[in-house]
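Visitor: Fold the stuff below for me.
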Amino acid sequence: MLLRWRRWRRGRPFWGGLLTVAAGVEIAAIPLAPMKVMLHQGVAGAASVLLGAVLIVLGLSAWFTPHYRTLTGILTAMIAAAALVLSNLGGFLIGTVAGLIGGGLVFGWQPRTASAPEPPHPNPPLVEEEA
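Guide: Residues are numbered from 1 along each chain as shown. Below you'll find the model as predicted:
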């Protein structure tokens, strides 16, 4: 079971997707917090929830469709930067920073290539026989 998990995790931009999902949760959670924590934002809070939901979807997309990693990484970085302006300084900067780092990790991830087996040595050492 652990081997399957490790293989699945290494076959996709796992850490970038995780940071992207965490950024989305953080950005979307602030407007939904109780009144004691945050002043009511009204319609402006809808942008925060929407940006957070899109970041969560992009993080899950990085996990389940890693072949779209370039588009996912660029969109993640752009939306995280937009959240800085549209959503409480991007979730008090934590969400924006996590989104930018996550987008960079998703964009920069490359699948592992299977390494070719090492060819046999062309001239094996000669072994002298003792009489």
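
Visitor: CA only for contacts and neighbour counts going forward, please
Guide: Fine.

Visitor: any weak-confidence spans in this structure?
Guide: Across the chain, the ranges flagged by pLDDT under 70 are 35-44, 114-121, 123-131.

Visitor: mind redoing it with 90?
Guide: Confidence mapping of the chain against pLDDT under 90 gives the ranges 1-2, 29-48, 84-92, 111-131.

Visitor: distance of Gly95 from Met1?
Guide: With distances defined as C-alpha to C-alpha, to the nearest Å, the gap from Gly95 to Met1 amounts to 32 Å.

Visitor: Quick one: residues contacting the residue nearest to the spatial centre of the chain.
Guide: For the chain, the residue sitting closest to the mean C-alpha position, by C-alpha atoms, centre = their mean, is Gly16 at 1.9 Å. Listed by C-alpha atoms under 8 Å, 6 or more residues apart in numbering, the contact partners of Gly16 are 59, 62, 101-106.

Visitor: nearest to Ile74, of those?
Guide: Minimum distance to Ile74 across these is 6.4 Å, recorded for Gly103 (C-alpha to C-alpha).

Visitor: Please name the nearest non-neighbouring residue to the closest one.
Guide: For Gly103, the nearest residue in space outside its immediate sequence neighbours is Gly73; the separation is 4.2 Å by C-alpha to C-alpha, 6 or more residues apart in numbering.
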